[in-house]
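Peer 1: What shape does this take:
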Amino acid sequence: MDERIEDDEGDITGTLTNTTPHRKTQSYSNQVGIPPMQKKRNTVRKYSLDEGGVNKNIDRFYDSSDEELYPFGSVGGFASGRIGSVGSADERPEYLSQFLEEQSSDSSEELRRTSLPEFIGSGGGNGIFRVPLRAGIHPSRPVSLELRPHPLRETQVGGFLRTIACTETQLWAGQESGMRFWNFSDIYAPGYGVGRVRRGDEDTAPFYESAPTVPTVCLVVDAANRLIWTGHKDGKVRSWKMDQPLDGNSFREGLAWHAHRGPVLSMVISFHGDIWTGGEGGVIKIWPWESIEKSLSLTVEERHMAALLVERSYIDLKSQVTINGVCSISSSDVKYLLSDNVKAKVWSAGQLSFALWDARTRELLKVFNVDGQIENRVDLSSSLDSSVEDEVKIKFASTSKKEKPQGSFSFLQRSRNALMGAADAVRRAAAKGAFGEEKKAEALILTIDGMIWTGCSNGLIVQWDGSGNRLQDFQHHSSSVQCFCTFGARIWVGYVSGTVQVLNLEGKLLGGWVAHSSPVIKMAVGAGYVFTLANHGGIRGWSIKSSSPLDNVLRSELASKELQYKKLENVKILTGTWNVGQGRASPDSLISWLGSAATTVGIVVVGLQEVEMGAGFLAMSAAKETVGLEGSSIGQWWLDTIGRTLDEGSTFERVGSRQLAGLLIAVWARKSLRPYVGDVDAAAVPCGFGRAIGNKGAVGLRMRVYDRIMCFVNCHFAAHLDAVNRRNADFDHVYRTMMFNRPNAAAAAVSSATQLLRGTNFGGANSEDGRPDLSEADMVVFLGDFNYRLHGISYDEARDFVSQRCFDWLRERDQLRAEMKSGKVFQGMREGIIRFPPTYKFERHQAGLGGYDSSEKKRIPAWCDRILYRDNRSASVSECSLECPIVSSICQYEACMDVTDSDHKPVRCIFGVEIARVDESIKRQEFGEIMGSNETIRSMLEELYDVPETIVSTNNIILQNQDTSILRITNKCTKDKAMFEIVCEGQATVKEDGQASDHRPRGSLGFPRWLEVTPAAGIIKPGQISEVSVHHEEFHTLEEFVDSVPQNWWCEDTRDKELILVVNVRGSCTTDRRSHRIRVRHCISSKTLRIESRLSDSRKFQGNVLHRADFRHLSNSSDMADDLRYLHSP
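Peer 2: Numbering: from 1, shown residues only. So this is what the prediction gives:
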C-alpha cells in the first residue's frame, strides 16, 4: 500500500463561512434571515400548504449509514467544517461528547439564522413523493460487519475487487490490480483514514496488498500447501503464499505459468489435487499435481524452469474429446468449474450446458443442458452462428440471382432489401437461440450432502444429484442468481438485485434481506461470518447464524452506541439555472452569475437550457442518444468556459455532466471536498415530440456526498401560458421515469447477468415497490426553465407591479405556486420565497427592468426560471440525525438582473446543507467490542463450538491390491446432525525399515489416484451410522503429458505407501470442528504383511482393519498419531 494521497483535511474546514456571501449591488436578493429565537426551521411552516402532513406508516425503512438507501448505490462527500466522533466509546470522555454536540448545534444554528423563508408544496407525504425513511441501524435485517465500506466508484478505476475466498485465518480478494488479504485478527480494527491509504479504502479494515498484476479473474485456496492459486486476464496462473511477511512492503507472487491464450475464466482443485482451469472457446486444461509439486520444490533462481515444467505438462481435455473434428463438449466459454469431492468428479459449465468428468481418469462422463437433457454435442453458439450465416447467405444469394434492375433507385432498393432480409434472418436466428436465455447458469455450488445446486439468470435455483440428474427447482426471487456459498446445512444465495437469501438443504427459504445496493458477485465463509462482495467493491460480513435472535441483540447494542459513530458535516451548494437562448455568455456575465458566489461553496451545480436548438440538431441528438452518445461542441464550450470561471483544476474539479439536445447539467466540487464526492451517475428524459426529442425534457446527475445521495435535475418544460397541464405532465413523467446510470461506462465484467453499468441499480435493488430513483434520494434539487407563467394579469399590469417591487401580489398570480398548492406538481418540494423580478422575457443586451419584451407579442413577465428542493425532513423528524440525514436551508435565492446575454436572466440559489453520516471505522470498532464483551452474545455464540459427539471404527486401515475397507462413523448425539468431510493430509513412501518418510500433501488435501474414498463427505443423522468405502484402485501406470501429448510408461510400483486421512466433523451450523486421523497403508500383494511391536506396551491389530468393537471417540488431539507408530511394514 505504497500509494498515498495528500491529507486535505485542513482545507476542508475553510470552505464554509458563517457570513452571508457577497452579492452584487444590481442583484435582487432574498437575503432575509430568520430571527435568532427561531431555532427550528419548521417554524416557517406558515408558508407551507401541505396541511395534510406526512404519512407516518413506515413501510420502507432503510439504514442511513448504508447505500441501500439508494436503489443504485450512490453515496458521497462534501466541503466544510467537519464535526463528528473522535475515537471509540472508551476513548471519548463525556465532556468531549457534550462539546461536539454543542459545536454541531452551533453550526446548525448559524445556518438557520442565515436561511430564507420557504414555500412548501402539498402532497409530499404520499406515494412516490414520500420522503425515504432512514435509521442508524437497519431495523429489518441482520447487522453486518463493514469490512470494506462501499467505496466511491471513481476511486476504484483499475482496482475493482472481483472475487473473494477465505482460509482459516484470512480473507483473500482478487482485484483488477492484483491481490489483497485481511487477517481475521484485524477485522474489527479502524481504518487508516484520509491521506494514509489509497482513496476508497480510508475506512477499510487494515489489509495487505500485492505488487501490481493484471486483473485477477478467479482464485482457489490450497490449504494443504498454504497457497492461493489465482487465474488472471493475461492467461496466467499465479500462486501466493498465505504466510506473507508483514513488513509493510507489497508481497509478490510465487510460481506462475502461462495457462491459456485468453483469460483464465475459472479454476478448481480436483479430488486428486490437480488444478483444472477453464478458458474461452470451451478449453479446459488440467495441470497435474506431480509437475506442480516438482516446480514448487525448485529455487527462486530456477523459477523460469519451474514455469516451463508446468506449462508443458498440461492435459487439454477439449482436444481429447474431439474426434474427426467433432467436439463432444460446448465451445462456449468455460465460466464455471466445480469439484465434486463427494463423488470424485468435476463439473464444467458454460451458461447453457454442463459437462461431467471423472476426476481420476479425466474421462468425459456426460454432457447435458440446463434442462438436464443429455446432448451428444452441445455447441449451441457455433450452430446458431452457422444458421445465421447460412440464412444471410441465402438472402443475399436470392437477391443476386434476380435479374438486375436498372437505375440508381433500383440499386438502393435492392441494397435495402438485402439488408432488411439479413437483419430479419439475424432476428429470427436470435429468437431461436433465446430459448435458454432466461435459464442461463450463473453459479454452481456443492453442498455437504453431495448435491449440486445451480443458479439461473431468471432467479431459478436447480438441485442436481452427483450424476448430473436434475432433481427439483426452486424460485424464491425474480432477479438473477450471481453466487452461492454453503456452510453446514445452509445455502447462501446472492442475487443481482443485491439481495441475499438463506436456504436449507431441502431448498426451503429460511430468510433473506437486501445486503448491498448492487449485485452480490461473490461470497465466502470464514471467522464465523459469511462475507459478501458487492459489485461496487464493498465487503460485508454476516453472522453464519443469521437470521437468528443474535441479530436482535446485536442491533439493539449497536444502536445504543450511535453517539460514538455518528458524524455531522456541513456544506454549501451553489445551484444555478439559465436559459441561454442558443447564445454564449461573456466572462463578466459568468462571473456575475457564478464566480462571485462560488468563493464560499463546496459544490457548484449548473443547469443550462437551449444551449443549441434547431430541427437538424435535435434530430441528430436523438439519433446519437439511441447509440449511447451525447454532447456537442457548443455544450463543451460552455463546460470549458464555466470551468475557467470556477478556476477548474486549481480550486474546483468537474465531477460529472450530461447533455440532452439543448439541456446541459454539470457539477463541480471543491478540490478539498473531492475525496467525499463520487459515484456520479447521469440520466436524461426527453419530453418533446412524443417523449422522444430533447427540445423539452430533463437531464440529471446523482452522486454520493458524505455517504448521502443527492440528485440534481435540470428541466425545460412545455412553453406557452395555457400549457399548465402539459408542464405538470412533463414533471410527472420526469420524476417517475428518470433512471440513473453511469455515463459512457463500460459494462462491468462479472457475469452475463451483471453486464450492467457500475453504479446502476441492477434489477432494482430496494425498489421492489416501484418507487422511482428520485424517491430514494436524500436530497433532490430541481432547477431549470419550468415555463410556468403569471395568469390573470396583463402585460402592463405585470410591468407596473414589477416596477413597484410588489412581488407578493405577483406571487399570487404564479402558476407554479398555485399548482404546488393544490398538490399537482413538485409535491412536497420547497422553494425560497421569491423577492426578485420575473426573469422572462427580456430583450437581449438591454439592461434594467425596461428590457422586458417590447415586441409585438409583449409576453407577460414571468418567473420561468426556478430552483426547488426536497431533503429528508418529514412531519415527524426535522432535526439532522441518522433518521433525517440531510437537512437543508436556503441562504440565497436571487436573479442576476445585470446579465443581458439571453432573453432569460440567470438564477442562483445557495443551500446550506447539514449531513449526518456514519463513521464506519468507529462503528466497526464498536461492533467488535460488543461481540467480545457482551455476555448474551457470547453465550449465543457458544453454540458455534458445539460439535456433536462422534466415533469412528478405526484409526488404522491396511489395504492390499484392490482391497476395500469400510470405515464407519457414528453420530452419538441424539438431537443434532453431524457433518463430516474426509481429506488426505499427506502421502509417504514406506522405507525398508518399515518407517514412513515425511507425508507430503497434494493440492487442497487431495487424494492419491490409487485410493478412492466414497463418500468423502456427508451428513449423519442423530444416532445414525455412516459407512465410508476406502478402496485401493489399481493404478500402476504412470502417464505423463508433454504439450498435451500423452507419454506412457508401465512401471510397477513395488514400494509400500502410507497416507493420513483426516475426518473433520462439524455440527449443522458450527465453526468449530473435531478431527480424527486414520493411517492408511497400502502393501503390495506379493509381499508378506508383518505387524511388529517395538515397545513393551505394544498393541497388536488383527487383520487389516480394526473390528467395529474397537470404536474410538473422535478427538482433535494428535495422540492418535502416537498409537499409529506401532504399525510397521517391511
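Peer 1: use CA for all of it now, contacts and neighbours both
Peer 2: OK.
Peer 1: Near residue 621, how many residues? Count them for me, please.
Peer 2: 23 (other CA atoms under 10 Å).
Peer 1: residues contacting it?
Peer 2: 630, 660-661, 694 (CA atoms under 8 Å, 6 or more residues apart in numbering).
Peer 1: run the last query once more with 7 Å
Peer 2: residue 661 (CA atoms under 7 Å, 6 or more residues apart in numbering).
Peer 1: now do residue 1004
Peer 2: So residue 1004 contacts 222-224, 269, 273 (CA under 7 Å, 6+ apart).
Peer 1: Scan the residues you listed and report the most crowded one.
Peer 2: residue 269 (28 neighbours).
Peer 1: Which strand residues bridge the closest residue in space to it that isn't next to it in sequence?
Peer 2: In space, and not counting its chain neighbours, residue 269 is closest to residue 275: 4.6 Å by CA to CA, 6 or more residues apart in numbering. Following DSSP bridges, residue 275 is listed with bridge partners residue 269, residue 287.
Peer 1: okay if I get the contacts of residue 1004 as a markdown table plus secondary structure, distance to residue 728 and pLDDT?
Peer 2: Output for the contacts of residue 1004, formatted as a markdown table (DSSP: H, G, I helix; E, B strand; the rest coil; distance: CA to CA, whole Å; pLDDT from 0 to 100):
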| residue | secondary structure | distance to residue 728 | pLDDT |
| --- | --- | --- | --- |
| 222 | strand | 63 | 96 |
| 223 | coil | 64 | 94 |
| 224 | coil | 67 | 93 |
| 269 | strand | 62 | 97 |
| 273 | coil | 67 | 94 |
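Peer 1: between those residues, which is nearest residue 337?
Peer 2: residue 269 (9.2 Å; CA to CA).
Peer 1: Thought residue 278 was touching the closest one, still the case?
Peer 2: No. Contact criterion CA atoms under 7 Å: residue 269 and residue 278 do not qualify, at 11.9 Å.
Peer 1: returning to what we had before: and the residue nearest to residue 269, how many neighbours?
Peer 2: Neighbours around residue 275, by other CA under 10 Å: 22.
Peer 1: Can you check the pLDDT for it?
Peer 2: Predicted confidence (pLDDT) for residue 275: 97.
Peer 1: Look up how far residue 794 lies from it.
Peer 2: Between residue 275 and residue 794 the computed distance is 84 Å (CA to CA, to the nearest Å).
Peer 1: try residue 315
Peer 2: Applying CA to CA to residue 315 and residue 794 gives a distance of 88 Å.
Peer 1: Residue 733 now?
Peer 2: According to CA to CA, residue 733 stands 31 Å off from residue 794.
Peer 1: if you count what's nearby, which of these two comes out ahead?
Peer 2: residue 733 (17 against 14).
Peer 1: Which helix or which strand is home to the more buried one?
Peer 2: helix 724-737 (DSSP states H and E).
Peer 1: go on, residue 292?
Peer 2: Using DSSP H and E, residue 292 falls in helix 289-297.
Peer 1: okay, and for this structure, where does confidence drop off?
Peer 2: Residue ranges of the chain with pLDDT under 70: 1-113, 195, 376-437, 742-769, 1035-1054, 1085-1130.
Peer 1: Which residue lies nearest the spatial centre of this structure?
Peer 2: residue 535 (2.2 Å; CA atoms, centre = their mean).
Peer 1: wait, doesn't residue 499 sit right on residue 514?
Peer 2: Yes. Here residue 499 reaches residue 514: they are 4.2 Å apart, a contact under CA under 7 Å.
Peer 1: so how far is stretch 621-629 from its chain's centroid?
Peer 2: 28 Å (CA atoms, centre = their mean, to the nearest Å).
Peer 1: mind listing what's buried in stretch 563-583?
Peer 2: For stretch 563-583, burial by neighbour count (16 or more other CA atoms under 10 Å) applies to 564-582.
Peer 1: for stretch 502-519, same thing?
Peer 2: Buried-residue list, stretch 502-519, by 16+ other CA under 10 Å: 502-503, 505, 507, 509, 512, 514-519.
Peer 1: can I get these in TSV with distance to residue 298 and secondary structure?
Peer 2: Converted to TSV, these look like this (distance: CA to CA, whole Å; DSSP: H, G, I helix; E, B strand; the rest coil):
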residue	distance to residue 298	secondary structure
502	45	strand
503	46	strand
505	44	coil
507	48	coil
509	50	strand
512	49	strand
514	48	strand
515	45	coil
516	45	coil
517	47	coil
518	44	coil
519	42	coil
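Peer 1: And those residues, which is closest to residue 724?
Peer 2: residue 517 (37.5 Å).
Peer 1: got the contact list for the helix or strand containing residue 525?
Peer 2: Element membership for residue 525, per DSSP H and E: strand 520-526. With contacts defined as CA under 7 Å, 6+ apart, strand 520-526 is touched by 163-168, 482-485, 494-496, 498, 530-535, 750.
Peer 1: try 6 Å this time
Peer 2: Strand 520-526 has contacts (CA atoms under 6 Å, 6 or more residues apart in numbering) with 163, 165-166, 482-483, 485, 494-495, 498, 530-535.
Peer 1: Name every strand pairing with the helix or strand following that strand and say which way it goes.
Peer 2: As assigned by DSSP H and E, the chain's next helix or strand after strand 520-526 is strand 529-534. Its sheet considered, strand 529-534 pairs with strand 520-526 (antiparallel), strand 539-543 (antiparallel) by DSSP bridges.
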